[in-house]
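Asker: let me see the structure of the following:
(one chain, ligands or ions: 1)
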Amino acid sequence: MLYLVHMIVNIPATLAPEEAARIKADEKAYSQQLQHAGRWPHLWRVVGEYANYSVFDVDSNDELHDTLSKLPLFPFMKITVTPLAKHPSSIV
Ligand SMILES: O=C(O)C[C@H]1C=CC(=O)O1
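Answerer: Numbers count the residues shown, from 1 in each chain. Here you go, the predicted structure:
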């Protein structure tokens, strides 16, 4: 199942810079692990924003929720999920 996910990151200024850097490094490692596993096939930066549009390829709503809630930046994100279905005119 494919899901379009919009993530907006808002790290509070009160978080220590070293802690923010550690969380971002953990986030990068976790996201690359999911990308290598084929679970996160698209990750695109929104130009001019600390935000991304991603496509996740997972088996269920529960798996997506579990995956997203384990993101190290999850406590600092606003996430919007759009489930995707095959378009009848699509040739792929
Ligand atoms: O930078 C972001 O958009 C947030 C998050 C998504 C992947 C990653 O490494 O960080």
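Asker: going by C-alpha atoms from here, please, whenever you check contacts or count neighbours.
Answerer: OK.
Asker: Glu18: how many residues sit nearby?
Answerer: A count of neighbours around Glu18, defined by other C-alpha atoms under 10 Å, yields 9.
Asker: make that Lys28, sorry
Answerer: Lys28 has 15 neighbours, counted by other C-alpha under 10 Å.
Asker: run the contact check for the helix or strand harbouring Asp66 versus the ligand.
Answerer: Counting by DSSP states H and E, the element that carries Asp66 is helix 61-69. No - judged by C-alpha under 6 Å from any ligand atom, helix 61-69 makes no contact with the ligand; its nearest approach is 10.1 Å.
Asker: cool, and stretch 23-34?
Answerer: Yes - for stretch 23-34 and the ligand, the contact criterion (C-alpha under 6 Å from any ligand atom) is met by Glu27, Lys28, Ser31.
Asker: what's in contact with that stretch?
Answerer: Where contact means C-alpha atoms under 8 Å, 6 or more residues apart in numbering, the residues beyond stretch 23-34 that reach it are Trp40, Leu71, Pro72, Leu73.
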